[in-house]
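[1] everything below, folded, please.
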Amino acid sequence: MERIAEQPLFGGAISCSLPTRFQTVSNIREEVFADASRDESVIVELLELKPEIPDEQSASWFLQDLASEQDALMEMESVSQLQPGDVPFLDPSIVKGVAVGKLKVSKSRQSADAANIVRIYMANLRLRSVKTDVLISVYEPLYISALSESAASVGSGFAVPAAVAGCSSALEVFQTILRTLKVHDWALFVN
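    Sure thing, here's the model as predicted:
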């Protein structure tokens, strides 16, 4: 079984659990963890709340915005709301939306012929009381182009399924993050 450990986020103000194969490559505005051997990544972002976006559409709006920012073609696979038990350490009244989509996207603005197919699991936790949209994204490569910069480290073609590689699937990683996400210091959100 894959080893999972609690990871501090934003100086320990928030935490969640991740497989230890994900290494941090964070910066100030977001927390980023990557598994270079699988070209998978996890990103946790704190954004100023966008009150003009309806709650039930927020997760899909953010995923569409990401696709637009990255000049990616996107196929929305599902949009739903999480139940309180899915994120047990947050107030049940917090709106928790999820969008899942497939993107055809090039890394680091490589040309379109180097585009990979990636599934993104994205949760939007709307912390209205502190005017923050929390975005949690898990990136799962499905197909790596031979022309992609990722091909040098993980190979090109269809990605090896997580079960075959002996690790948790991207969906399981996503669910673990949500199930273990805790805010330890709400002062993080004070401007």
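[2] quick one: Trp61 and Ile53 touch, right?
    Yes: Trp61 lies in contact with Ile53 (Cβ atoms under 8 Å); the separation is 5.0 Å. (C-beta placed from N, C-alpha, C; glycine too.)
[3] which residues touch the residue sitting nearest the centre point of the chain?
    Most central in the chain under Cα atoms, centre = their mean is Ser137, positioned 1.0 Å from the mean C-alpha point. Listed by Cβ atoms under 8 Å, 6 or more residues apart in numbering, the contact set of Ser137 reads Val42, Ile43, Val44, Glu45, Leu66, Ile120, Tyr121, Met122, Ala123.
[4] take the residues you listed and keep only those in helices.
    Taking DSSP state H as the definition of helices, the contacts of Ser137 contribute Leu66.
[5] redo the contacts of Ser137 as CSV? Include neighbour count and pLDDT.
    Shown next, in CSV, are those (neighbours: other Cβ atoms under 10 Å; pLDDT from 0 to 100):
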residue, neighbour count, pLDDT
Val42, 24, 96
Ile43, 19, 96
Val44, 22, 96
Glu45, 16, 95
Leu66, 20, 95
Ile120, 24, 98
Tyr121, 24, 98
Met122, 22, 98
Ala123, 25, 98
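[6] between the contacts of Ser137, which is nearest Ser148?
    Ile120 (16.4 Å; Cβ to Cβ).
[7] what about the residue nearest to the centre of the chain, which helix or strand?
    Per DSSP states H and E: Ser137 is located in strand 132-144.
[8] could you list the paired strands of that strand along with their orientation?
    As defined by DSSP bridges, the strand partners of strand 132-144 come to strand 40-48 (antiparallel), strand 116-127 (antiparallel), strand 157-158 (antiparallel).
[9] what's the spacing between the shortest one and its chain's center?
    Taking Cα atoms, centre = their mean, to the nearest Å, one finds the center of strand 157-158 at 21 Å from the center of the full chain.
[10] then stretch 46-64?
    With Cα atoms, centre = their mean as the basis, stretch 46-64 stands 15 Å off its chain's centre.
[11] ok, and the closest non-adjacent residue to Lys182?
    Phe89 (4.5 Å; Cβ to Cβ, 6 or more residues apart in numbering).
[12] okay, now that neighbour: neighbour count?
    13 (other Cβ atoms under 10 Å).
[13] can you get me a residue count around Pro19?
    When neighbours are counted by other Cβ under 10 Å, Pro19 comes out with 20.
[14] what score does it have for pLDDT?
    What the model reports for Pro19 is a pLDDT of 95.
[15] pretty sure it contacts Gln7?
    No: with contact defined as Cβ under 8 Å, Pro19 does not reach Gln7; the gap is 10.0 Å.
[16] need the strands for the protein, in chain order.
    4-9, 14-19, 23-24, 30-35, 40-48, 73-81, 95-105, 116-127, 132-144, 157-158, 182-183 (DSSP state E).
[17] of all the ones you listed, which lies closest to Phe189?
    strand 132-144 (5.3 Å).
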